[in-house]
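K.L.:
Structure, please.
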Amino acid sequence: MKTKKTLWAVLLLWLIVTTTPVYSAEVSNNELLYLKNGLVVKCDKAWIASKDTIRCRKGHREKLYSPDEVDLKKTFGESAARRLEEERKAWEEKELLRPMAKVSRRSESYITAGIGRLSGDTTYQIGGTIVHPLGSSQLHFPISELEFPLDVWMVSIEGSKEFAEKWKVSAGVKKNITSDAGKMKDSDWGAYYLEGYPAEQNTLDIYSESTAELDALIIDFNLRYRFYEKSNWSFIAGLGYTRQNFDYAISNLDQWYPSSYYYFGEDRGHDYASGKVLTYKITYTIPYIEIGIQRSFKDKFSVEASLGYSSIVDAKDEDVHILRAMVSEADCDGDAILFSFKARFDPSRNWFVMAEFDYTKLEVDGKSRTYVDGEYSHTIDQEIKSKQIFAVLSVGYAF
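P.N.:
Numbers count the residues shown, from 1 in each chain. Below is the predicted model:
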């Protein structure tokens, strides 16, 4: 703690030293302050404190004068007077250019609407330590894996508001407009071993594919601060919160047994079940921090890239195996990486087109509790992983 305080003190001192102008050479040699109105002020010490202030110290008191009131050449010499005038002129020119820079920079207050494609999967695995009413044991990991696809088209709406020059708050929502997400894949290892057969724990014994219908909703809130800006470049940092809800209805089961010939010398064929066989719900909550960079080109085109991270992801899921009257619930936590790239083209003052590419990777783990016919059965280790790609083309209006 003492080391940290020392480092902060050194950093603060460095900032003060590097940001405060030093005018050690601009001290009056004859201790007289010559004013432009003809008066001469006797000082114990007279010096240029800043580009806007001349100080005259007499005893324990100081009096402040504007450089416009003082004959700088007569008081401090021609060299010091010239340096001060050059500094004041440069500062005034910078202030004159500042409003122009604000106008030329694209408005960050806007609303967009677009159509995009979500792809990837959310997959959970169970295995490892299992605890049940009769005790506990160690199993192969995983003994089961369910992979749920995320391949749907979505509508995306986002609103953004810039305030206090460098701050921006935004909110967005994505909702699927198609529901056919692809095939859900269910893999079980060591099924024959668990049934008491002289079998191995790590052989793929049961595999199935089913039709997956998905209802998806993604909400995001974001607060950003533009902490550095120069020419056409700017750097941003921010905080955000994303909530993802994925609700599946699984139907039309096609199941087969890849290791049956290895163990029993025969192909056990396929089992089929029509209609709904399983439902699955999962909710990810992702508070995150991010850092990014923006670059504009010739007033009409700009790009932005950002990288976010979260170490406090929370995931809650519920798996209902309808055919087996079995319900599993899990509460997991872990981390996430979020990457985003945007390209924006402004053909007019208010209207623009934006293409966006997002990549999200989540990894969480925890415990799953399983109930059969409403009675507690067991608790088992669970891991959930998700890789998501979202690409969208939007039309926006800036105001």
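K.L.:
how about low-confidence regions in the stretch 101-250 of the chain?
P.N.:
Within the stretch 101-250 of the chain, the stretches with pLDDT under 70 are 101-107.
K.L.:
which residues of it fall in strands?
P.N.:
Taking DSSP state E, counting those that start in this stretch, the strands of the stretch 101-250 of the chain run over residues 110-132, 135-138, 144-149, 152-163, 167-176, 180-189, 204-230, 233-256.
K.L.:
which one of those strands is the most hemmed in?
P.N.:
Highest mean neighbour count of these: strand 144-149, a mean of 22 (counted as mean count of other CB atoms under 10 Å). Where C-beta positions appear, they are placed from N, C-alpha and C, glycine not excepted.
K.L.:
so how far is stretch 291-304 off the chain centroid?
P.N.:
18 Å (CA atoms, centre = their mean, to the nearest Å).
K.L.:
and that stretch, how far apart are its ends?
P.N.:
Start-to-end span of stretch 291-304 (CA to CA, to the nearest Å) is 11 Å.
K.L.:
Show me what that stretch is in contact with.
P.N.:
Contact with stretch 291-304 is made by 104-106, 224, 226, 232-238, 305-307, 340-347, as judged by CB atoms under 8 Å, 6 or more residues apart in numbering.
K.L.:
do that again at 7 Å, thanks
P.N.:
Under the contact criterion CB atoms under 7 Å, 6 or more residues apart in numbering, stretch 291-304 has outside partners 104, 106, 232-237, 305-307, 342-346.
K.L.:
Between the strands of the stretch 101-250 of the chain, which one is closest to residue 374.
P.N.:
strand 110-132 (16.1 Å; CB to CB).
K.L.:
what helix or strand is residue 367 on?
P.N.:
Residue 367 is located in strand 351-372, with elements delineated by DSSP states H and E.
K.L.:
Run me through the strand neighbours of that strand, direction for each.
P.N.:
Paired neighbours of strand 351-372 in the sheet (DSSP bridges): strand 326-345 (antiparallel), strand 375-398 (antiparallel).
K.L.:
the inter-axis angle of it versus strand 110-132?
P.N.:
Strand 351-372 and strand 110-132 meet at an angle of 20 degrees, taking axes from the mean of the first three to the mean of the last three CA atoms, to 10 degrees as the criterion.
K.L.:
ok and strand 351-372 relative to strand 167-176, angle-wise?
P.N.:
Orientation check (the same axes, to 10 degrees): strand 351-372 against strand 167-176 gives 60 degrees.
K.L.:
How about strand 351-372, which residues are buried there?
P.N.:
By neighbour count on 16 or more other CB atoms under 10 Å, the buried set for strand 351-372 is 352, 354-356, 358, 360, 362-370.
K.L.:
ok, the residue lying closest to residue 187 once chain neighbours are set aside to residue 313 distance?
P.N.:
In this structure, residue 187 finds its nearest non-sequential neighbour in residue 145, 4.7 Å apart by CB to CB, 6 or more residues apart in numbering. As judged by CB to CB, to the nearest Å, residue 145 and residue 313 stand 20 Å apart.
K.L.:
got it, and residue 116?
P.N.:
Separation of residue 116 from residue 313 (CB to CB): 22 Å.
K.L.:
and if you look at residue 260?
P.N.:
39 Å.
K.L.:
can you check residue 280 too?
P.N.:
Residue 280 is 18 Å from residue 313, by CB to CB.
K.L.:
for residue 277, same thing?
P.N.:
Applying CB to CB to residue 277 and residue 313 gives a distance of 29 Å.
K.L.:
and residue 303, how many neighbours?
P.N.:
As a burial measure, residue 303 scores 14 neighbours (other CB atoms under 10 Å).
K.L.:
pLDDT wise, what is it at?
P.N.:
pLDDT, residue 303: 96.
K.L.:
Run the chain-centre distance for whatever helix or strand it lives in.
P.N.:
Assigned by DSSP H and E, residue 303 belongs to strand 301-321. Taking CA atoms, centre = their mean, the mean C-alpha location of strand 301-321 is offset from the chain mean by 8 Å.
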